[in-house]
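In: sequence first, then the predicted structure:
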Amino acid sequence: MKMKIQVSADLLDGMVLALLDRQDYYGYALTQDMQKAISVSESTMYPVLRRLKKNEFLTTYDQPYEGRNRRYYQITPAGQEHLADIIDMWDQFKESLDQVFKGGQVQ
C-alpha cells in the first residue's frame, strides 16, 4: 500500500539514503524503487538527489549502458552518518505517533 501522507524532505532524504546504503542506483531505477513505498515522481527525485550531492551525502559516477552513460548515485560516509541521524529522528517521531494513534500515553 502506497502512502498518501505528505512526506517531509527529511524523510525523503532518509529513504533515498537508505536505498543507496544498500546499493548504488541510477536515477530512474531509484525512482522506481521509491515508488514501491510512496508516490514520488522523477521531477521530485532529481532535486532531492542534487541537494544530497551538494551537501556531500552522496556522490555520482557515470557508467556506459547501451551506447550512453548512466549516472549512478552512491552514498558517502557523511551520507551514512546523516542517514543514522534521520533513522533516530524517525524512531522518535514514529514512537510519538504510535502513542497518539494507538492509545498510549504521550510523553
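Out: Ah, there it is.

In: packing partners of the biggest helix by length in the chain?
Out: If you go by DSSP state H, the chain has its longest helix at helix 77-101. Applying 3 or more CB pairs under 8 Å, 6 or more residues apart in numbering; DSSP states H and E, one finds that helix 77-101 contacts helix 9-22. No exception for glycine: its C-beta is placed from N, CA and C like everyone else's.

In: quick one: mean pLDDT over the helix it packs on.
Out: In this model, helix 9-22 has an average pLDDT of 94.

In: with stretch 28-46 instead?
Out: Per-residue scores along stretch 28-46 average to 91.

In: in it, what's buried?
Out: In terms of neighbour count (16 or more other CB atoms under 10 Å), stretch 28-46 has its buried residues at 30-31, 34, 38, 40, 45.

In: how far is the longest helix of the chain from where the chain is centred?
Out: 13 Å (CA atoms, centre = their mean, to the nearest Å).

In: just to revisit the earlier point, now the buried residues of stretch 28-46 as a markdown table including secondary structure and distance to residue 63?
Out: Shown next, in a markdown table, are the buried residues of stretch 28-46 (DSSP: H, G, I helix; E, B strand; the rest coil; distance: CB to CB, whole Å):
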| residue | secondary structure | distance to residue 63 |
| --- | --- | --- |
| 30 | helix | 14 |
| 31 | helix | 18 |
| 34 | helix | 20 |
| 38 | strand | 27 |
| 40 | coil | 24 |
| 45 | helix | 19 |
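
In: would you turn those residues into CSV with distance to residue 81?
Out: Output for these, formatted as CSV (distance: CB to CB, whole Å):
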residue, distance to residue 81
30, 20
31, 25
34, 21
38, 24
40, 24
45, 22
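
In: now, which of these sits nearest residue 71?
Out: The shortest approach to residue 71 among the buried residues of stretch 28-46 belongs to residue 30, at 10.6 Å (CB to CB).

In: list the buried residues for stretch 53-71?
Out: 57-59.

In: so how far is it off the chain centroid?
Out: Taking CA atoms, centre = their mean, the mean C-alpha location of stretch 53-71 is offset from the chain mean by 17 Å.
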